[in-house]
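Asker: here are the coordinates; sequence isn't available:
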């Protein structure tokens, strides 16, 4: 059910969805609604963190490659995001 609730595909959309959830949580909600939104927010937060870590890794690889320090192939991390839904 949670994977169905969050269908965002790109980082900007996920971040925007997370900001919307935070705004909603700042308002008056029933406990059940707040818990559901909080759960969705945690999932989005984890997905954004995963994306940022992947981007950081790619930048580090590119930096090392550009400076000649170390060469390693870029990995395609799309399979990581596919697992998240």
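Answerer: Perfect, thanks for sending it. If you're wondering where the values come from, they're calculated on a predicted model, not measured in any experiment.
Asker: Show me how far the helix or strand encompassing residue 58 is from its chain's centre.
Answerer: Assigned by DSSP states H and E, residue 58 belongs to helix 31-67. Its chain's average C-alpha position is 3 Å from that of helix 31-67, according to C-alpha atoms, centre = their mean, to the nearest Å.
Asker: Who are the packing partners of that helix?
Answerer: helix 2-5, helix 11-25, helix 78-84 (3 or more C-beta pairs under 8 Å, 6 or more residues apart in numbering; DSSP states H and E). Placement of C-beta: from N, CA and C, glycine included.
Asker: buried sites along that helix?
Answerer: In terms of neighbour count (16 or more other C-beta atoms under 10 Å), helix 31-67 has its buried residues at 36-37, 40-41, 43-44, 47-48, 50-51, 54, 61.
Asker: tell me the angle that helix makes with helix 11-25.
Answerer: 150 degrees (axes from the mean of the first three to the mean of the last three C-alpha atoms, to 10 degrees).
Asker: per-residue confidence at the residue positioned nearest the centre of the chain?
Answerer: Of all residues in the chain, the one closest to the mean position by C-alpha atoms, centre = their mean is residue 48, 1.8 Å from it. Listed pLDDT for residue 48 reads 94.
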